[in-house]
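In: return atomic coordinates for the entry below.
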Amino acid sequence: MRVMPEATSRAPSGRRAWSVRPSGSRAARLRSLTARVWSQHRLFVIVFIPALLLRADAELGYRWQSWFNDSFEYIANTVRLTLDPTRVSGYSVWLKFLQPFHSYAVITILQHLMGLAVGVMVYALLRHRYQAPAWLATLAAVPVLYDGFEIQLEHLILSDTMFLFAVMLATTLLLWDPAGPSTGRCALIGALLGLGAVLRSIGLPLLAVFAVYMIIHRFGWRKIAATVVVCLIPVFGYAGAFDLEHGQFAMSDATGVFLYSRVMTFAECSKIHPPADELFLCSTVPPDQRPIAQAYIWTPASPLDRMPPSKFSPVPNQLAEDFAIRAIEAQPLGYARAVLHDTWMVFGWNRIVFPQAATYDEYLFGNHSLAVPAWDAAHLGRYTSYAAAYVQGDPLTQVVNPFAIIIRIWQRYVWLPGTVYGLILLAGLGGIVLAWRRLGGEALLPWTVSFAMIVIPAATAEFDYRYVLPAVPFACLAAVMAFSRGTAGGERLRRLANGIGGHRDIAAGTASVRSAEPVSVPGPGGVRGPDGVTGPGGARGAGRPAAAAADPGDDERDLPADGG
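Out: Numbering: from 1, shown residues only. Below is the predicted model of the structure:
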């Protein structure tokens, strides 16, 4: 280590040492930081490096992106600079900022870095704020770092990874400081939640989760107001832009349509009694013979297609929403069963082919690129699709071996089963219940976020494996937080560990005392000890000092009386 020169008499005595030689101190500080990170976080660094290499392998094996059906919608909206009526299009706005690069590699590399950053945030928060052991904090970050489906999700042109990054960063900022965040930081948290709301429709309900948590834990009203107000700025801004384009002050024209598809798995018009203008939404097919929920959106058999010009317009969307609300009010048990069924699908040990083989295969690293669909066709000079116009070249994925083989095999065998995710959720819930005096403690926030991410889609649309992956890191974070130091769960674990250790110590002590006892043999006139000394009453003593021979309860100050 280079020693800094001593300050001269003309230099102020309080001057910082690093300011004397700024050119060399920067490198020294970097070396010091690297050494400190390696010494204190060695295990996490060792785990982090292979996760980084796996993402590099995915990038080289599937150049430079993977496609999902929704990906082409995002790209088309980006090129046309329009807001999609079926889903929030904040992700398309983000893609517009990156369009000058004309590269899908820039998008997916940034998303892979976001996925890695989520793992870093989980680890750093648990170590810094909750003093979790290095191995436990690292273990909590393993699912998001190593799950093959998570890596593939980061490689898709979809909004989910960016949404996960924004919400996890908001959670980290809220919980980082034991004294609580400042008002300025709360405003930043609100901005991140607002970003999440325009990336995915589930982001807006999460604002309510954060606000309720802050109220329960008695955050100041200024902090709560800063979070809510700043969050609503991008939300209202997006709704205003949507109103200018589609004539409705809303985030999309699909809320009612998706809710309608949810209830059509059980809705019976004989029980609902809808008005005349909603009768066309009824189905004569018995509920137990109906297809899955999304079939009532995307297939030609959907009653919504009977009303022109598009199901994703204000009038059909409103009629579908009114019908769905009537169905829920008339058949609450049917709705509860549908939501429970789709939520329970999250916790299956094995993945099933759902909703159909074509969609399920898009969640896998395949042997070839997904073809550009016909509805993405465009006439933009020499480019025949919006996907080609965005990159100004061939938009198809180039599958390159052996890199593709490696990540394909990895995804096949390395992923978190839904049952394990359920056990992690259950562990976090147990710690929250133990902390009922503190209204669940701080673990309540990430646990509720995770649970909301799987229940809200089941309640408003349908189950999808894609919606589960962003929920997992929050469940891992909550499980460790709920049993950290200073919590009711941590205290229960400490007592349990001390109890087990105490029983072992007692057993070991008893065994040692028994092994130290002399073995007496019969002798003339009584029992002869190993030293041949005869004790009172014809018994020979064990040869121990008087104080040591006394019973544990004897008082040494009254030894003669005890002996008599």
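In: now do the helices in the stretch 401-550 of the chain.
Out: Taking DSSP state H, counting those that start in this stretch, the helices of the stretch 401-550 of the chain run over residues 403-413, 418-434, 444-460, 465-468, 472-482, 488-516, 546-549.
In: can you convert those helices into CSV and add a column each for mean neighbour count and distance to Asp253?
Out: Where C-beta positions appear, they are placed from N, C-alpha and C, glycine not excepted. Below are the helices of the stretch 401-550 of the chain laid out as CSV (neighbours: other Cβ atoms under 10 Å; distance: least, Cβ to Cβ, whole Å):
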stretch, mean neighbour count, distance to Asp253
helix 403-413, 17, 35
helix 418-434, 19, 32
helix 444-460, 22, 15
helix 465-468, 19, 21
helix 472-482, 28, 30
helix 488-516, 12, 45
helix 546-549, 10, 89
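In: show residues contacting the helix or strand in which Ala197 is found.
Out: Per DSSP states H and E: Ala197 is located in helix 183-199. Contacts with helix 183-199, where a contact means Cβ atoms under 8 Å, 6 or more residues apart in numbering, come from 88-91, 93, 159, 162-163, 166-167, 169-170, 173-174, 177, 181, 203-204, 206-207, 210, 219-220, 222-224, 226-235, 238, 251.
In: buried ones in that helix, by neighbour count?
Out: For helix 183-199, burial by neighbour count (16 or more other Cβ atoms under 10 Å) applies to 185-199.
In: re earlier: which among the helices of the stretch 401-550 of the chain is found nearest to Ala336?
Out: For Ala336, the closest of the helices of the stretch 401-550 of the chain is helix 444-460, at 9.6 Å, according to Cβ to Cβ.
In: relative to helix 418-434, how tilted is that closest one?
Out: 130 degrees (axes from the mean of the first three to the mean of the last three Cα atoms, to 10 degrees).
In: helices or strands up against helix 444-460?
Out: Taking 3 or more Cβ pairs under 8 Å, 6 or more residues apart in numbering; DSSP states H and E as contact, the helices and strands that helix 444-460 lies on are helix 160-175, helix 203-216, helix 255-263, helix 332-344, helix 418-434, helix 465-468, helix 472-482.
In: please state the offset of the second one from the chain centre?
Out: Centre-to-centre, helix 203-216 and its host chain are 16 Å apart (Cα atoms, centre = their mean, to the nearest Å).
In: what are the buried residues along it?
Out: Across helix 203-216, burial judged by 16+ other Cβ under 10 Å covers Gly203, Leu204, Leu206, Leu207, Val209, Phe210, Ala211, Tyr213, Met214.
In: surely the second one is in contact with Tyr238?
Out: No. Contact criterion Cβ atoms under 8 Å: Leu204 and Tyr238 do not qualify, at 10.4 Å.
In: okay, and the common contacts of those two?
Out: Shared contacts of Leu204 and Tyr238 (Cβ under 8 Å, 6+ apart): Met251.
In: now the nearest residue to Trp375 once chain neighbours are set aside: how far from Pro309?
Out: Of all residues not flanking Trp375 in the chain, Phe72 sits nearest, at 7.8 Å (Cβ to Cβ, 6 or more residues apart in numbering). In this view, Phe72 and Pro309 are 22 Å apart by Cβ to Cβ, to the nearest Å.
In: these two: which has the busier surroundings?
Out: Applying other Cβ atoms under 10 Å to Phe72 and Pro309 shows that Phe72 carries more neighbours, namely 20 against 8.
In: contacting residues for the closest residue to Glu278 other than its chain neighbours?
Out: Closest residue to Glu278 apart from its sequence neighbours, by Cβ to Cβ, 6+ apart: Phe323 at 4.8 Å. Counting by Cβ under 8 Å, 6+ apart, Phe323 touches Tyr260, Val263, Ala267, Ile272, Pro274, Glu278, Leu281.
In: does Phe451 touch Leu426 like I think?
Out: No. In this structure, Phe451 is not within contact of Leu426 by Cβ under 8 Å, at 11.0 Å.
In: tell me the secondary structure at Ala378.
Out: When classified by DSSP: H, G, I helix; E, B strand; the rest coil, Ala378 comes out as strand.
In: what count of nearby residues applies to Ala132?
Out: When neighbours are counted by other Cβ under 10 Å, Ala132 comes out with 22.
In: before we move on, what about the one 3 residues further on?
Out: Counted by other Cβ under 10 Å, the residues lying close to Trp135 total 11.
In: what helix or strand is it on?
Out: Remark: Trp135 resides in helix 134-146, with elements defined by DSSP H and E.
In: so for that helix, mean pLDDT?
Out: Taken as a whole, helix 134-146 has an average pLDDT of 97.
In: heading C-terminal from it, find the next helix or strand.
Out: Following helix 134-146 toward the C-terminus (DSSP H and E): helix 148-155.
In: name the nearest residue to the residue nearest in space to the middle of the chain, ignoring sequence neighbours.
Out: By Cα atoms, centre = their mean, the chain has its centre lying nearest to Pro473, at 2.4 Å. Nearest non-adjacent residue to Pro473, counting by Cβ to Cβ, 6+ apart: Val144, 4.6 Å away.
In: before we move on, back to that, right, and the residue nearest to the centre of the chain touches Val120 too?
Out: No. With contact defined as Cβ under 8 Å, Pro473 does not reach Val120; the gap is 10.9 Å.
In: where do the contact lists of the two overlap?
Out: With Cβ under 8 Å, 6+ apart, Pro473 and Val120 have common neighbours Ala141.
In: would you format the helices and strands packed on helix 444-460 as TSV with distance to Gly61 and mean pLDDT included?
Out: Converted to TSV, the helices and strands packed on helix 444-460 look like this (distance: least, Cβ to Cβ, whole Å; pLDDT from 0 to 100):
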stretch	distance to Gly61	mean pLDDT
helix 160-175	18	98
helix 203-216	31	96
helix 255-263	35	95
helix 332-344	33	97
helix 418-434	26	96
helix 465-468	21	94
helix 472-482	24	97
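In: distance to Arg31 added to these, as a markdown table?
Out: Output for these, formatted as a markdown table (distance: least, Cβ to Cβ, whole Å):
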| stretch | distance to Arg31 |
| --- | --- |
| helix 160-175 | 27 |
| helix 203-216 | 39 |
| helix 255-263 | 54 |
| helix 332-344 | 50 |
| helix 418-434 | 38 |
| helix 465-468 | 42 |
| helix 472-482 | 31 |
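In: mind checking the SS state of Pro355?
Out: Assigned with three-state DSSP, Pro355 falls in the coil class.
In: let me fix that: Pro300
Out: Once three-state DSSP is applied, Pro300 turns out coil.
In: which parts of stretch 67-75 are buried?
Out: Trp67, Phe68, Asp70, Ser71, Phe72, Glu73, Tyr74, Ile75.
In: and Tyr62, bridged to which residues?
Out: Beta-bridge partners recorded for Tyr62 (DSSP bridges): Val399.
In: JSON lines for the buried residues of helix 203-216, including distance to Gly486?
Out: As requested, the buried residues of helix 203-216 are exported to JSON lines (distance: Cβ to Cβ, whole Å):
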{"residue": "Gly203", "distance to Gly486": "31"}
{"residue": "Leu204", "distance to Gly486": "33"}
{"residue": "Leu206", "distance to Gly486": "26"}
{"residue": "Leu207", "distance to Gly486": "28"}
{"residue": "Val209", "distance to Gly486": "23"}
{"residue": "Phe210", "distance to Gly486": "23"}
{"residue": "Ala211", "distance to Gly486": "25"}
{"residue": "Tyr213", "distance to Gly486": "18"}
{"residue": "Met214", "distance to Gly486": "20"}
